[in-house]
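# the amino acid sequence is not available; the structure is as follows:
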């Protein structure tokens, strides 16, 4: 309802009176202006205000929830929406993870319209969603409803081009320095989106060279001189105008459905927008958690790593980049907890029970769509899960070596010989750490560059020469280097020997699995299980070859790109079950789904196989996780045991003192 008297929240003591604010005499309009000013200057409780969120809430209620405003659109406040928006005012970088039907998009559609309309000449909002069509059914649809429900908002809406152009500095027209704009974030649209992100700058709040005296000469600030000395004003004016050394305003990026965004967009934000708009840039990512290696997972990665939080209990944590991730559990949504059917968009208990019965409470689907959290253990169809890598210490970037220096090793996957797209060389150091354990420390992965215009030198010779050069530059001796000689790799090996040295080792990933024992795997009678008994072919044996070394914490330096690729390879359909040999999907199936070949993974796993077969890389038995006797034809499966263990050991408070760093 329209107030009967204006609430100044103590602003008059700062010199803000009807003359300085230009109040109209209309109680509703003027109270809205006061609330907007309080949001801009973050008017705190210690000053007589309500804090930015409290004043924003009043601003929303006066505009959209007030029958006197004429709005036909209402915002339904609830505990989840309150928390989302309160955290948005408290954090420059915020990840919002939650289940389906949590109402995540609606509060941030309102936030976009509200924050722009509060300071229309100095606020630029970029709303991003996987596709334009999808956004028009979700966040952009809601944003448009909020905008159109209030007549006279300061901006020029062009819905056909998905933009609201902002008010110019003179207040006489509209431009693209401020406003609200919709961009697609999917990979097919990433080039256009990246270009717009790189070029985005927060709108200016004044001329860059405008002096303090120049600001004070503005008529709107004349009354301030009556109440404050110069020292106080030098602190007050920047706060009022949200000024920085570069005189820039607010730039807000809201990623809806961030799980489907192209990774290059997050890179553009981190390398261009944040450094170029220090202190005035805000990033908000919204999504249903799935993969910790997609942009949303990267944004929400906990400080110290994923093993530092309990993903089933913790509802917020500081992120690796200094932001905050907040999580909402659908089993405890306000519709269920409060029994309030006004929150009709939220999941009912019957909906949750139905998904639990259909998919299982431990499934990836249930974690994502109900629990609103990540499932590090992945599913049974993946060769590797995030838990296999994140909980093994494989992301560690340093190793304390023992008395002897490690040897430098390399493996080349020519790729073109086996259906790949890139020739990829992996480099690492293999040695014994200070605990006496053999460790493989990855140092670099390098795609081999070739020149298709060089008709005088065949591609195979170019690759062999380039690999030799890379190895020599990194101190890798030929006896410590290997390549994949499967299929077309046989003639490549002949070329490599001529170009470099006969001391090179050719490894094969084709044919039948070997008769080597599988580390940590025993049959019910205690006999070591052979690779040929567990794996359908040699390729599958190689792909599973890093598992025991991850379990025994003997692989380090795994970059995110490699981890993501390892977790993206699936088992062939129908090849996962009791009594069946394991078999990875073929390259064609992988490429059809992922759009590329797993060249980096093939090279890394080839290196693990080479180091194990030729350079004495063995599992540390005293730390190897052993399987449980289960009576199946495959006997103990340490791989499954490790994943089950991962579910229990993800929170620091469950670790013993000796386990903690």
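Everything's here; your move. A quick note: this is a predicted structure, and the numbers were derived from the prediction, not measured.
# pLDDT wise, what is the nearest residue to residue 21 once chain neighbours are set aside at?
With sequence-adjacent residues excluded and distances taken as C-beta to C-beta, 6 or more residues apart in numbering, residue 21 is closest to residue 33, at 5.9 Å. From N, CA and C alone the C-beta is placed, and that goes for glycine too. Note on residue 33: pLDDT of 92.
# in the helix or strand where residue 33 lies, what's buried?
Per DSSP states H and E: residue 33 is located in helix 27-40. Under the neighbour-count criterion of 16 or more other C-beta atoms under 10 Å, helix 27-40 has 28, 30, 31, 32, 33, 34, 35, 36, 37, 38, 39, 40 buried.
# so which of those residues is the closest to residue 509?
Distance to residue 509 across these (C-beta to C-beta) is lowest for residue 39, with 60.6 Å.
# what's the closest non-adjacent residue to the closest one?
Per C-beta to C-beta, 6+ apart, closest to residue 39 is residue 55, 4.8 Å.
# quick check: which element contains that neighbour?
helix 51-63.
# and that helix, what does it pack against?
Helices and strands touching helix 51-63, by 3 or more C-beta pairs under 8 Å, 6 or more residues apart in numbering; DSSP states H and E, are helix 27-40, helix 79-90, helix 105-118.
# helix or strand right after the second one?
Okay, so that is helix 79-90. strand 93-97.
# next one: the residue nearest to residue 39 from residue 22, what distance?
19 Å (C-beta to C-beta, to the nearest Å).
# next one, pLDDT for the residue positioned nearest the centre of the chain please.
By C-alpha atoms, centre = their mean, the chain has its centre lying nearest to residue 298, at 2.5 Å. For residue 298, the model assigns a pLDDT of 95.
# could you check how far it is from residue 613?
For residue 298, the distance to residue 613 - C-beta to C-beta - is 35 Å.
# do residue 459 as well
Distance from residue 459 to residue 613, by C-beta to C-beta: 28 Å.
# swap in residue 483?
14 Å.
# repeat for residue 313
Plainly put, residue 313 is 43 Å away from residue 613 if you go by C-beta to C-beta.
# comparing those two, which residue is more hemmed in?
Taking other C-beta atoms under 10 Å, residue 313 and residue 613 do not tie; residue 613 has more neighbours (15 against 12).
# now that one: which helix or strand?
Going by DSSP H and E, residue 613 is in helix 599-614.
# not counting stretch 51-59 itself, show me its contacts.
9, 32, 35-36, 38-39, 42-45, 49-50, 77, 82, 85-86, 89-90, 114, 118 (C-beta atoms under 8 Å, 6 or more residues apart in numbering).
# just the buried residues of those.
Of the contacts of stretch 51-59, these count as buried by 16+ other C-beta under 10 Å: 9, 32, 35-36, 38-39, 43, 49-50, 85-86, 89, 114, 118.
# in the stretch 501-650 of the chain, which spans are strands?
505-507, 517-522, 528-530, 555-556 (DSSP state E, counting those that start in this stretch).
# let's have those strands in TSV, adding mean pLDDT, mean neighbour count and distance to residue 94.
Below are the strands of the stretch 501-650 of the chain laid out as TSV (pLDDT from 0 to 100; neighbours: other C-beta atoms under 10 Å; distance: least, C-beta to C-beta, whole Å):
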stretch	mean pLDDT	mean neighbour count	distance to residue 94
strand 505-507	94	18	47
strand 517-522	85	21	42
strand 528-530	90	17	48
strand 555-556	97	23	32
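# residue ranges with poor pLDDT in this structure?
Along the chain, the model assigns pLDDT under 70 to residues 199, 204-211, 215, 218-228, 235-248, 379-380, 416-421, 487-490, 574-579, 621-661.
# per the record, what domains does it have?
1-71, 206-241, 388-518+537-569+597-621 (automatic domain parsing).
# okay, those domains, which one's buried deepest?
Compared across these, domain 388-518+537-569+597-621 shows the largest average neighbour count, a mean of 19 (mean count of other C-beta atoms under 10 Å).
# where's the residue nearest to residue 39 relative to residue 257, distance?
Remark: distance between residue 55 and residue 257 (C-beta to C-beta) = 30 Å.
# the strands of the stretch 501-650 of the chain: which one's closest to residue 170?
strand 555-556 (58.9 Å).
# and the closest one, which strands flank it?
Strand 555-556 pairs in its sheet with strand 438-447 (parallel), by DSSP bridges.
# surely residue 546 touches residue 606?
No: contact criterion C-beta atoms under 8 Å: residue 546 and residue 606 do not qualify, at 10.6 Å.
# where do the strands sit along the stretch 251-400 of the chain?
Using DSSP E, counting those that start in this stretch, strands in the stretch 251-400 of the chain cover 281-287, 316-318, 324-327.
# same list (these) but as CSV, adding distance to residue 398 and mean neighbour count.
Below are the strands of the stretch 251-400 of the chain laid out as CSV (distance: least, C-beta to C-beta, whole Å; neighbours: other C-beta atoms under 10 Å):
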stretch, distance to residue 398, mean neighbour count
strand 281-287, 30, 25
strand 316-318, 23, 18
strand 324-327, 26, 22
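# now these in JSON lines, with distance to residue 4?
Conversion of the strands of the stretch 251-400 of the chain to JSON lines gives the following (distance: least, C-beta to C-beta, whole Å):
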{"stretch": "strand 281-287", "distance to residue 4": "36"}
{"stretch": "strand 316-318", "distance to residue 4": "40"}
{"stretch": "strand 324-327", "distance to residue 4": "37"}
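# of all those strands, which one is nearest residue 364?
Minimum separation from residue 364 across these (C-beta to C-beta) falls at strand 281-287, 14.4 Å.
# other SSEs contacting that closest one?
By 3+ C-beta pairs under 8 Å, 6+ apart, strand 281-287 packs against strand 93-97, helix 105-118, strand 250-255, helix 295-300.
# and the third one, which strands flank it?
Each strand pairing with strand 250-255, determined using DSSP bridges, is listed with its direction: strand 123-129 (parallel), strand 281-287 (parallel).
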